[in-house]
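K.L.:
need coordinates for the below:
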Amino acid sequence: MKNKLRVFALIAFTSVLLLGCGKDEEVVIPDEPVVQPDSVGGSPVIPTRVEVIVPVITYEEAKSVAEQDCIKAGESLGEGSYNESSRTWWFDANLNEAKEGCNPACVVSEDKGVEINWRCTGLVTE
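P.N.:
Numbers count the residues shown, from 1 in each chain. I've put the predicted structure just below:
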């Protein structure tokens with residue numbers, strides 16, 4: 001049975017290969033890139049650059065805002081990083097108040113809004 005399947009597969013593969021290779025067909029490589037039309041305007045979309053997102057507020061400004069609005073006496077901030085997707089600065093926070101299974105961060109947005117993101121695992125241990 002296995003040999004019959006192998007022979008059938010070999011014949012099918014060979015047929016597809018031979019049928020797909022027409023001698024009269026010429027391969028044409030376009031001079032310009034072929035792109036799909038834009039869904040909104042119907043015009044072609046050709047990527048021409050990569051957008052680099054530069055933070056509106058600097059690291060120092062964001063850290064200063066975080067220190068003023070996120071932490072209290074005895075608490076501290078760790079190093080920060082910028083999230084290009086959400087356009088926010090994230091600083092690890094060592095807070096007096098702790099939630100089990102959570103790793104708090106002070107998040108500073110471009111408009112200098114501040115919030116604590118607890119980054120909890122969701123796993124409840126008994």
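
K.L.:
ok, residues contacting stretch 92-103?
P.N.:
Contact with stretch 92-103 is made by 66, 70-72, 74-80, 104-106, 116, 118-125, as judged by C-beta atoms under 8 Å, 6 or more residues apart in numbering. Any C-beta I mention is one placed from the backbone N, CA and C, and that applies to glycine too.

K.L.:
which parts of stretch 89-108 are buried?
P.N.:
89, 90, 91, 93, 95, 104, 105, 106, 107, 108 (16 or more other C-beta atoms under 10 Å).

K.L.:
of all these, which two lie farthest apart?
P.N.:
Using C-beta to C-beta, the two most remote members of those are 89 and 95, lying 17.0 Å apart.

K.L.:
re the thing from before, out of the contacts of stretch 92-103, which are buried?
P.N.:
66, 70, 71, 77, 80, 104, 105, 106, 116.

K.L.:
pretty sure residue 64 sits in a helix.
P.N.:
Yes. Applying DSSP: H, G, I helix; E, B strand; the rest coil, one finds residue 64 inside a helix.

K.L.:
start and end of stretch 53-71, how far apart?
P.N.:
28 Å (C-alpha to C-alpha, to the nearest Å).

K.L.:
which residues touch that stretch?
P.N.:
77, 80, 82, 84, 87, 89, 91, 93, 95, 106, 108, 110, 112, 114, 116.

K.L.:
now the helices for the protein?
P.N.:
All helices of the chain, identified by DSSP state H, fall at 2-20, 59-69.

K.L.:
and the ones you listed, which one's lowest on average pLDDT?
P.N.:
Ranked by mean pLDDT, the helices of the chain bottom out at helix 2-20, which scores a mean of 62.

K.L.:
and residue 56, how many residues sit next to it?
P.N.:
For residue 56, the number of neighbouring residues by other C-beta atoms under 10 Å comes to 12.
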